[in-house]
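J.: What follows is a predicted structure for the sequence shown.
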Amino acid sequence: MDFVAGAPCLDFVNTVEPRYEPAPMSDYVPDYRALLGWSVKAGLLTTAGARTLRRQADTSAAAAAHGRAIELREATYQVFQAIATGGVPPDEALCSIRDMYAEAVAQAVPRWDDRVRWTWPTDDLERPRYLLAEDAVRLLNTPQLDRVKVCRPTCGWLFIDQTRNGSRRWCATETCGVREKIRRQAVRRAARRTGD
């Protein structure tokens, strides 16, 4: 699992691949345990925090929390994919992010540290989702929003283009960039053979 997006909420969207091709999709967070492991790698949870939540990972409450996190992932994808392609985000997806963020804030304990920070009890199964909803709302309200792009025509992953001139085209040059260059070379060779 690569972290190439530049924002946790977009890296979470990218836990499904491919987004474009009709091939069977791979889901890197198929259950709550996988969500915890991903959250640690993404820097959302500490190892100790994930260990606390892992004690409840085999419960129906954890399965339900996982399902709600996946709902957030898909709403986040719909919103940012529309933005990245110059479209209008679907109202239903925007409302889903809003509602999940409102729930997160309602459950949070505010802490002041030069700015307000939301914290949640270490045993709250929804912590990964709350953190991701907070990150999605943050990204929707920053200038970086104009730099959200989609890796096309390869995997469909989302990323923030942080290059100075806004020229990034792929989620990762060493994977999708190479694949696309190989595909273009094959198309050119086929065109030359047809032209002979």
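T.: Sure thing, it's come through.

J.: Identify the residue nearest Gln81 in space, chain neighbours excluded?
T.: Of all residues not flanking Gln81 in the chain, Val150 sits nearest, at 5.9 Å (Cβ to Cβ, 6 or more residues apart in numbering). In this view, the C-beta of every residue, glycine as well, is placed from N, C-alpha and C.

J.: now that neighbour, which residues is it bridged with?
T.: Beta-bridge pairing of Val150 under DSSP bridges involves Leu158.

J.: Look at it and report its pLDDT.
T.: pLDDT for Val150: 92.

J.: how close does it sit to Pro90?
T.: In this view, Val150 and Pro90 are 16 Å apart by Cβ to Cβ, to the nearest Å.

J.: cool, Ser96 as well?
T.: Note on Ser96: its distance to Pro90, by Cβ to Cβ, is 9 Å.

J.: Which one's more surrounded, those two?
T.: Ser96 (19 against 14; other Cβ atoms under 10 Å).

J.: and that one, what is it in contact with?
T.: Glu71, Leu72, Ala75 (Cβ atoms under 8 Å, 6 or more residues apart in numbering).

J.: cool, and Glu92?
T.: Glu92 makes contacts with Ala75, as judged by Cβ under 8 Å, 6+ apart.

J.: So it: helix, strand or coil?
T.: Secondary structure assignment for Glu92 (DSSP: H, G, I helix; E, B strand; the rest coil): helix.

J.: cool, Pro110 as well?
T.: Per three-state DSSP, the local secondary structure of Pro110 is strand.

J.: Tell me what it is bridged to.
T.: On the basis of DSSP bridges, Pro110 is bridged to Trp118.

J.: List the residues that contact it.
T.: Each residue near Pro110 by Cβ under 8 Å, 6+ apart is listed here: Val116, Arg117, Trp118, Thr119.

J.: If we ignore the residues flanking it in sequence, what's nearest Gly6?
T.: Nearest residue to Gly6 in three dimensions, chain neighbours excluded: Ile160, at 3.6 Å (Cβ to Cβ, 6+ apart).

J.: quick one: that neighbour from Pro90, how far?
T.: According to Cβ to Cβ, Ile160 stands 21 Å off from Pro90.
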